[in-house]
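Visitor: One predicted model, sequence on top.
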Amino acid sequence: MPFDRRVRAAVVATALTLLVAIFSVDYTVRQGDTLGRIARDNDVSLSDLVAANNLSNPDLIRPGQVLVIPTKDRIHMVARGDSLYRIAATYGTTVATLIKTNNLANPNLIYPGQQLVVPGTTGSGSVGSGGSSGGSDGESNGPNQKPDGSYTRSGRYHIVQKGETLEEIAAQYSGVSVKDITTANGITNQVIYTGTRLFLDGPTLTATGTTGSGTYTVQRGDRLGDIATRYGTSISKIASSNGITNVNLIRAGQRLEVPGGGNTWVCPVADASFFNDWGFPRAGGTRFHEGNDLFTTYSAPILAPVSGTVGFKTGPLGGLQFNLKGSDGVEYIGSHLSAKERDGRVNAGDIIGYVGTSGNAQGTHPHLHFGMYLGGLAINPYPTLIANGCK
């Protein structure tokens, strides 16, 4: 290794050592100690304790072993696209505090790779924040609050470690319950996955659609009775609205006008394969999945889940993407389309586009990245998809 590179490496290593020394204390393991108990007694998260001590097996500690106990002060590595506002929001602090703590002469001048001290934080997250709102690619760290304050999320989150349970995670944070975590992350069955980001608070919603008439494109295997039940109306009303004389004779691809009779929420992709992959890491953990991937065949039709106004944009991550401002007050996005069908005003059930692999989905199995936003905050679509019979 060239001399100047060795010098730089030594400087970096020394700096990191000093940072750990400044923002930590030591603890000597006693007989009967567990890492979880040590973390709770010292008011730090288990994941922070493991990371601070580079423990490959958190279940293996021994009496007499000296552990570094990190304080609540954190080190944030600035990522591309970061701003002080986003960093402050992620850690639940203020821009003024970051400026003062880090002695920043120009708060508008930070750069990727720069290390910032974040005082007095309690979240487990330590990655850069890439703010997103309705219409994003759906794979970021998310915003924290709508400008008018009607929906809030503190920005605190936890990265699930191997073997952790929801109860153990909740116990690491003051005032946080298992219900808080399951609600904020749309967890319906207590199943969590290693490496997933879980918000510790925030809004949720199970959408039921909008009242009034809509349209529906018949899928293979559909029966008129099933469609009527889904829309909360009757077979006779659908038949009358569409001039159907034989209620047993409908064909795939046929577009039906569905008169009002109840709330309308249509599965965006029929017979898709999916699971609750909300919060899964992307790009090595620099951003996280804010939605669900619905896998199906290439060019499968994408239906408007509710009535509203739809538009399209193209980006490097999401590829061709729709943005539907629903009449139910929810904003819906779908990414990686192969083609669009219509924009402007649409009814629930209208075909708005077709499944593809555009953007960063090239080379993968065709799927629709499907996201929902409430007041500008990403919420997990999984409970809505399940509640409306999409699986």
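Guide: Yep, that arrived. Numbering: from 1, shown residues only.
Visitor: Which residue lies nearest the spatial centre of this structure?
Guide: Against the mean C-alpha coordinate of the chain, by CA atoms, centre = their mean, the closest residue is E290 at 2.5 Å.
Visitor: Got the domain ranges for the chain?
Guide: Segmentation of the chain into domains, based on automatic domain parsing, reads 3-70, 214-258.
Visitor: any idea which of those domains is most buried?
Guide: Greatest average neighbour count among these goes to domain 214-258 (a mean of 15), per mean count of other CB atoms under 10 Å. In short, each C-beta sits where N, CA and C put it, glycine included.
Visitor: Return the residues in contact with I181.
Guide: 158, 166, 169-170, 187, 198-200 (CB atoms under 8 Å, 6 or more residues apart in numbering).
Visitor: any idea how far V258 is from it?
Guide: Distance, I181 to V258, by CB to CB, to the nearest Å: 38 Å.
Visitor: just N242 next, same as before
Guide: With CB to CB as the criterion, N242 and V258 are 9 Å apart.
Visitor: Same check on A96?
Guide: Remark: distance between A96 and V258 (CB to CB) = 54 Å.
Visitor: Which positions within stretch 101-109 qualify as buried?
Guide: Using 16 or more other CB atoms under 10 Å as the test for burial, stretch 101-109 gives 102, 104.
Visitor: got the contact list for that stretch?
Guide: Residues external to stretch 101-109 that are found in contact with it (CB under 8 Å, 6+ apart): 84, 95, 98-99, 110, 116-119.
Visitor: now for the longest strand anywhere in the chain, which elements pack on it?
Guide: When the chain is parsed with DSSP state E, its longest strand is strand 331-340. Judged by 3 or more CB pairs under 8 Å, 6 or more residues apart in numbering; DSSP states H and E, strand 331-340 is in contact with strand 308-315, strand 319-326, strand 351-355, strand 367-374.
Visitor: Reformat the contacts of I181 as a markdown table; add neighbour count and secondary structure.
Guide: Below are the contacts of I181 laid out as a markdown table (neighbours: other CB atoms under 10 Å; DSSP: H, G, I helix; E, B strand; the rest coil):
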| residue | neighbour count | secondary structure |
| --- | --- | --- |
| H158 | 25 | strand |
| L166 | 19 | helix |
| I169 | 23 | helix |
| A170 | 19 | helix |
| I187 | 22 | coil |
| L198 | 25 | strand |
| F199 | 29 | strand |
| L200 | 26 | coil |
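Visitor: List just the nearest of these to R220.
Guide: For the contacts of I181, the closest approach to R220 (CB to CB) belongs to I187, at 32.4 Å.
Visitor: From I386, how far out is the closest one?
Guide: 11 Å.
Visitor: on that earlier part again, of all the helices and strands packed on strand 331-340, which one comes closest to Q254?
Guide: strand 351-355 (12.0 Å).
Visitor: Just checking: what are the partner strands of that closest one?
Guide: Strand partners for strand 351-355, identified by DSSP bridges, are recorded as strand 301-303 (antiparallel), strand 331-340 (antiparallel).
Visitor: ok, and for it, which residues are buried?
Guide: Applying a neighbour-count criterion of 16+ other CB under 10 Å, one finds 351-355 buried in strand 351-355.
Visitor: and the residue sitting furthest away from the middle of the chain, how far is that from A239?
Guide: Residue farthest from the centre of the chain, counting by CA atoms, centre = their mean, is T245 at 46.4 Å. Using CB to CB, T245 is found at 8 Å from A239.
Visitor: Likewise for D41?
Guide: Taken as CB to CB, the span from D41 to A239 is 69 Å.
Visitor: Was I right to think A348 contacts S307?
Guide: Yes - counting by CB atoms under 8 Å, A348 sits close enough to S307 to count as a contact (5.0 Å).
Visitor: Pull the contacting residues for G371.
Guide: Contacts of G371 by CB under 8 Å, 6+ apart are 136, 138, 290-292, 332-335, 378, 381.
Visitor: Closest to L60 out of those?
Guide: Among the contacts of G371, and counting by CB to CB, the member closest to L60 is E290, at 35.2 Å.
Visitor: which residue packs closest to the closest one, ignoring adjacent ones?
Guide: Distances taken as CB to CB, 6 or more residues apart in numbering put A378 closest to E290, at 3.9 Å, once the chain neighbours are dropped.
Visitor: pLDDT value on that neighbour, please?
Guide: For A378, the pLDDT comes out at 90.
Visitor: Kindly export stretch 79-96 (C-alpha atoms) in CSV.
Guide: Only the C-alpha atoms of stretch 79-96 are listed here, as CSV (Å, rounded to 0.1, in the frame of the first residue of the first chain):
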residue,chain,number,x,y,z
ALA,A,79,-25.0,10.3,2.3
ARG,A,80,-25.5,11.8,-1.1
GLY,A,81,-28.6,14.0,-1.1
ASP,A,82,-28.6,14.5,2.7
SER,A,83,-29.4,17.9,4.2
LEU,A,84,-29.2,19.0,7.8
TYR,A,85,-33.0,19.2,7.9
ARG,A,86,-33.4,15.6,6.8
ILE,A,87,-30.7,14.3,9.2
ALA,A,88,-32.3,16.3,12.1
ALA,A,89,-35.7,14.9,11.3
THR,A,90,-34.4,11.3,11.1
TYR,A,91,-32.9,11.4,14.5
GLY,A,92,-35.6,13.6,16.2
THR,A,93,-33.3,16.6,16.8
THR,A,94,-33.0,20.1,15.4
VAL,A,95,-30.9,21.7,12.7
ALA,A,96,-29.7,24.3,15.3
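Visitor: For the closest residue to A252 other than its chain neighbours, which three-state class applies?
Guide: Nearest residue to A252 in three dimensions, chain neighbours excluded: R220, at 4.5 Å (CB to CB, 6+ apart). Under DSSP: H, G, I helix; E, B strand; the rest coil, R220 falls in the coil class.
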